[in-house]
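Chemist: Sequence and predicted structure, then a few things I'm wondering about:
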Amino acid sequence: MYRRTIVYLDYAASAPAREESRAAERAYEESPIAGANPNSLHTPGREAARALDGARRDIARCVGGGFRPPDVVFTSGGTESNNLALIGLSCGARQRDRTRTRVVLSSIEHDSELDVAGALRDRGFEVSLVRPGRDGVVSRAALEGELGPDCALVSVMSANNETGVVQPVAGLAAAAHAAGALFHTDAVQAFGRIPLDVAQADAVSLAAHKIGGPVGAGALLVRGRVPLTPQSFGGGQEAGRRAGTQDVRGALAFAAAARACCESLDATRAVVCERANRLYRRICAEGTGIVPTTTAVVDEGRLPGLVSVMVPGLDSQSLVLGLDERGFAVSAGSACSSGSLGASHVLTAMGIGRDRALGALRVSFDERVAEGDLDAFATQLVSLVAQMTSRHA
């Protein structure tokens, strides 16, 4: 009855490695610089440093927004990039102006930002949260209501990791700057999927594995004029901003995945948008009992390849496990913690009721997922929901 092979539809959690990224890793392993420390003065070390700088150039070019290769700080992934941005930029801003003692985050940020609030408070900062509207968008007006002369840093993600809603980053950055604050954006989900609008951002977080690069590689882009207090100490690597011997192999594989995504972005974006909209139409058709989390249109206000829906009256954990039995790997819009299912903080912040939020699902993919597999998924999801609903009747 059920499929024996798994169709992976959880790219927003981690995308399968791209062949370009794998090829870059193989080429590194077969090269004379394999294992060489890019901070060493000998020939292999200097060549490794040049390769690392080439990866910086590629990533800066793909991000755009006026970022330069020296602005790229390689990290271990999105979590470290966000942690370093929030603590490092806040402390840097306060060192420049002692009155800057408050940090403003959106209430729909990833846990790698929201969980930093305690660490910021321990360092003497006040942390304020700005809520989105029911559409999932953090408006400039809402942000301006939280700003003041004491604000050191504002951080709002480029696109939400659960709903895919794209945020008005340029306007939010302008509002932060008007108040004298720095602006950071977590672009982990948006990078490689849509053109980034980060010309006004002071810092941008990225993660390689979201675009088919290696797990354990990421970057924080920080403009040279921006004060960043380092949070790790040692050999002074990454221009003193992040200590530790760099992972050259990971950086090269990350850059290869970034090039592959950015060079084909226009074509792949159109394909993925069409498939996402088709999937929405099928699974949210009248009578299915499945509804979208927001009315934002794919490619206008929502990321291509991220389909976010809810099944009121059912729970996402059961849906995810039921789909897994039928051969489809998706994720929930709410997390299971300590054995109890809790509603997503993102959907709650949007004003969505608990009964609806508990039945959230996130389906994510890129151009490598075939339309036929998405059609098969739609059929199985609608069937599963009907079956589970009848049991609860």
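Modeler: The structure has been received and is ready for your questions. As the structure is a computational prediction, the values presented were derived from the model and not from experiment.

Chemist: Isn't residue 127 up against residue 119?
Modeler: No: if you go by CB atoms under 8 Å, residue 127 and residue 119 don't touch, sitting 9.8 Å apart. (Each C-beta comes from the backbone N, C-alpha and C, glycine too.)

Chemist: Looking at the two, which has the bigger crowd around it?
Modeler: Neighbour tally, residue 127 and residue 119, criterion other CB atoms under 10 Å: the higher count belongs to residue 127, 18 against 15.

Chemist: From residue 101, how far off is the more buried one?
Modeler: Look at residue 127 and residue 101: by CB to CB, to the nearest Å, they are 10 Å apart.

Chemist: And stretch 295-307, what's buried?
Modeler: 296, 298, 299, 301, 302, 303, 304, 305, 306, 307 (16 or more other CB atoms under 10 Å).

Chemist: Next: stretch 264-273.
Modeler: For stretch 264-273, the neighbour count (16+ other CB under 10 Å) marks 265, 268, 269, 272, 273 as buried.

Chemist: downstream neighbour of the strand or helix carrying the third one in the secondary structure list?
Modeler: Meaning residue 269. In this assignment (DSSP states H and E), residue 269 forms part of helix 265-283. Proceeding C-terminally, helix 265-283 gives way to strand 291-292 as the next helix or strand, assigned by DSSP H and E.

Chemist: Give me the next element, helix or strand, following that following strand.
Modeler: Past strand 291-292, the next helix or strand by DSSP H and E is strand 306-310.

Chemist: Let's see the next helix or strand after that following strand as CSV, backbone CA atoms only.
Modeler: As assigned by DSSP H and E, the chain's next helix or strand after strand 306-310 is helix 316-325. Extracted in CSV, the C-alpha atoms of helix 316-325 (Å, rounded to 0.1, in the frame of the first residue of the first chain):
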residue,chain,number,x,y,z
SER,A,316,1.4,17.7,12.9
GLN,A,317,3.3,14.9,14.6
SER,A,318,0.8,12.3,13.5
LEU,A,319,0.7,13.8,10.0
VAL,A,320,4.5,13.7,9.7
LEU,A,321,4.6,10.1,10.9
GLY,A,322,1.7,9.1,8.7
LEU,A,323,3.3,10.6,5.6
ASP,A,324,6.6,8.9,6.5
GLU,A,325,4.9,5.6,6.4
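
Chemist: Okay, now the unreliable bits of this structure?
Modeler: 1-4, 333-341, 393 (pLDDT under 70).

Chemist: Could you chop it up by domain?
Modeler: Recorded structural domains for the chain (assignment: automatic domain parsing) are 7-16+265-392, 19-263.

Chemist: Could you look over those domains and pick the most buried one?
Modeler: Burial of the domains of the chain is given as mean neighbour count (mean count of other CB atoms under 10 Å); domain 19-263 ranks first at a mean of 21.

Chemist: Looks like residue 112 contacts residue 83 (just checking).
Modeler: Yes: counting by CB under 8 Å, residue 83 is a contact partner of residue 112 at 6.4 Å.

Chemist: thinking again about what came up before, what's the angle between the helix holding residue 269 and strand 306-310?
Modeler: 20 degrees (axes from the mean of the first three to the mean of the last three CA atoms, to 10 degrees).

Chemist: Packing partners of helix 265-283?
Modeler: Counting contacts by 3 or more CB pairs under 8 Å, 6 or more residues apart in numbering; DSSP states H and E, helix 265-283 packs against strand 306-310, helix 371-392.

Chemist: Can I get it in CSV? Just the C-alpha atoms.
Modeler: Extracted in CSV, the C-alpha atoms of helix 265-283 (Å, rounded to 0.1, in the frame of the first residue of the first chain):
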residue,chain,number,x,y,z
LEU,A,265,18.4,31.3,-10.0
ASP,A,266,16.1,32.9,-12.5
ALA,A,267,15.3,29.6,-14.3
THR,A,268,15.1,27.4,-11.3
ARG,A,269,13.0,29.9,-9.4
ALA,A,270,10.3,30.0,-12.1
VAL,A,271,10.2,26.2,-12.1
VAL,A,272,10.0,25.8,-8.4
CYS,A,273,7.4,28.6,-8.0
GLU,A,274,5.1,26.9,-10.6
ARG,A,275,5.4,23.5,-8.7
ALA,A,276,4.7,25.1,-5.4
ASN,A,277,1.7,27.0,-6.6
ARG,A,278,0.4,23.8,-8.2
LEU,A,279,0.9,21.9,-4.9
TYR,A,280,-1.0,24.6,-3.0
ARG,A,281,-3.9,24.4,-5.4
ARG,A,282,-4.1,20.6,-5.1
ILE,A,283,-3.8,20.2,-1.3
